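*Asks:* here is my input, please return the structure:
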Amino acid sequence: MFIDVQELELHTIEFDEKFPPDVIDLGPEVRQTEPLSAIGHAELLEEQRGGKRKKIQDIRLVGKVSASVEMNCGRCLEPVARVVDREFDLLYRPEGIDGNEAERAVNKAETEIGYYQGEGLLLEDALREQMLLALPMRAVCSEECKGLCPQCGTNLNAGPCSCGPPADLRWQALDGLKDKLHQ
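*Replies:* Here you go, the predicted structure:
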């Protein structure tokens with residue numbers, strides 16, 4: 001759904017959208033398992049700036065996104081289900097409007113501002129960002145997850161493998177010395 005600045009000049013845009021899996025690209029690590037739901041509104045905030053009273057048109061998105069996703073466990077690679085239910089209040093400014101030649105410090109409020117190009121922005125882009133921010137960098141099926149055997153790849157949560165304890169390669173050079181001493 002494209003949120004157009006010209007339409008926002010006329011009225012607030014309400015949205016209540018459902019996106020089936022794979023419509024919004026969440027990357028290779030995340031699989032959407034149910035439709036993503038987004039409800040909220042977009043409004044135009046106009047700001048006067050500068051000596052000539054230049055008008056800046058910011059887009060404010062307020063709403064809620066929810067979806068069920070699946071990620072692989074970072075230890076055993078089994079699927080891990082996650083539910084995202086996140087409220088957002090976002091501000092988007094025209095790209096390049098804050099740029100200037102001189103370097104300047106960025107305050108905390110400015111880190112909360114996104115930028116749009118052209119005549120508006122895609123709601124899907126904002127939702128993608130919110131979904132990815134709500135998910136952990138690495139999912140774990142449980143804190144007790146034992147992971148995979150580094151030698152044979154067996155899932156150690158299902159039971160022990162036949163490899164035995166892994167050899168510590170740091171001691172390999174000393175093992176040969178031990179054999180020579182006992183001769």
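*Asks:* drop to CA atoms for contacts and neighbour counts, all remaining ones
*Replies:* Noted.
*Asks:* report how many residues lie close to H41.
*Replies:* Neighbours of H41 under the rule other Cα atoms under 10 Å: 17.
*Asks:* quick one: distance of the strand or helix carrying it to the chain centre.
*Replies:* Assigned by DSSP states H and E, H41 belongs to strand 36-49. Distance, stretch centre to chain centre, for strand 36-49: 21 Å (Cα atoms, centre = their mean, to the nearest Å).
*Asks:* tell me what it is packed against?
*Replies:* If you count contacts as 3 or more Cα pairs under 8 Å, 6 or more residues apart in numbering; DSSP states H and E, strand 36-49 packs onto helix 5-10, strand 13-19, strand 54-72.
*Asks:* tell me the mean pLDDT for the shortest one?
*Replies:* If I follow you right, that is helix 5-10. Helix 5-10 carries an average pLDDT of 90.
*Asks:* tilt between the strand holding H41 and strand 13-19?
*Replies:* The directions of strand 36-49 and strand 13-19 differ by 150 degrees, with axes from the mean of the first three to the mean of the last three Cα atoms, to 10 degrees as the criterion.
*Asks:* pairing partners for strand 36-49, with directions?
*Replies:* strand 13-19 (antiparallel), strand 54-72 (antiparallel) (DSSP bridges).
*Asks:* now those strands as a markdown table including mean neighbour count and mean pLDDT?
*Replies:* Shown next, in a markdown table, are the strands paired with strand 36-49 (neighbours: other Cα atoms under 10 Å; pLDDT from 0 to 100):
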| stretch | mean neighbour count | mean pLDDT |
| --- | --- | --- |
| strand 13-19 | 15 | 96 |
| strand 54-72 | 19 | 92 |
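*Asks:* TSV for these, including distance to V84?
*Replies:* Shown next, in TSV, are the strands paired with strand 36-49 (distance: least, Cα to Cα, whole Å):
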stretch	distance to V84
strand 13-19	14
strand 54-72	5
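*Asks:* looking at those, which is nearest to Y115?
*Replies:* Nearest to Y115 among the strands paired with strand 36-49 is strand 54-72 (8.9 Å), distances taken as Cα to Cα.
*Asks:* name the element the residue most central in space within the chain belongs to?
*Replies:* Centroid-nearest residue in the chain, with Cα atoms, centre = their mean: L132, separated by 1.7 Å. L132 is located in helix 123-134, with elements delineated by DSSP H and E.
*Asks:* show me what that helix is packed up against.
*Replies:* Helix 123-134 packs on strand 54-72, strand 79-94, going by 3+ Cα pairs under 8 Å, 6+ apart.
*Asks:* alright, that wraps it up for me.
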